[in-house]
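Enquirer: this one's structure only:
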């Protein structure tokens, strides 16, 4: 069946087949990591998608299923998380049976989203130090 969900940034749907209930936390991690790109929706979209891939482990980048990118609503069984980079807000929007936008149940600023879903407050002019989930033991650069 799957745990499907979408994060929507400027009309681009970032889809997961298996991590829909974790998307709120995944998005909060992406917002922390991409703080310097909050006003650049193209970079922010890429940062969010990379955090989604990291949720399933390092090998997910080579998988041919599990994640997708589209300009249309994808399969779901969780509300959409709609990112507005201009307003710097995230809205939780239900999806109707016909795939159309439903009602908004929650809307938060990026800072409030991080505080709620990571239980952390972003320091003024600083970045949170969030642990990197990537296993670096087999890096080719010799630093690990």
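Expert: Alright, I've got the coordinates. All figures in this text were calculated on a predicted structure; none of them were measured in a lab. Numbering: from 1, shown residues only.

Enquirer: Beyond the helix ranked longest in the chain, next helix or strand please.
Expert: As assigned by DSSP state H, the longest helix anywhere in the chain is helix 41-54. Using DSSP states H and E, the next helix or strand after helix 41-54 towards the C-terminus is strand 67-70.

Enquirer: Buried residues, the helix or strand bottoming out on mean pLDDT in the chain. List them.
Expert: Sorting the helices and strands of the chain by mean pLDDT, DSSP states H and E puts strand 101-109 at the bottom, at a mean of 92. Of the residues in strand 101-109, residue 108 count as buried by neighbour count, 16 or more other Cβ atoms under 10 Å. The C-beta positions use only the backbone N, C-alpha and C, and glycine is treated the same way.

Enquirer: Next: stretch 15-27.
Expert: By neighbour count with 16+ other Cβ under 10 Å, stretch 15-27 contains the buried residues 15, 16, 17, 18, 19, 20, 22, 23, 24, 25, 26, 27.

Enquirer: One more: stretch 69-87?
Expert: 73, 74, 76, 78, 79, 80, 81, 82, 83, 85.

Enquirer: Now do that stretch: distance from first to last residue.
Expert: 23 Å (Cα to Cα, to the nearest Å).

Enquirer: Spatially nearest residue to residue 61 (excluding sequence neighbours)?
Expert: Closest residue to residue 61 apart from its sequence neighbours, by Cβ to Cβ, 6 or more residues apart in numbering: residue 53 at 5.7 Å.

Enquirer: same check, this time on residue 21
Expert: residue 3 (5.5 Å).

Enquirer: how about low-confidence regions in this protein?
Expert: 1, 58-59, 122-144 (pLDDT under 70).

Enquirer: what's the spacing between the residue nearest the centre of it and residue 61?
Expert: The centroid of the chain falls nearest to residue 27 when counting by Cα atoms, centre = their mean (3.3 Å). Counting by Cβ to Cβ, to the nearest Å, the separation of residue 27 from residue 61 is 19 Å.
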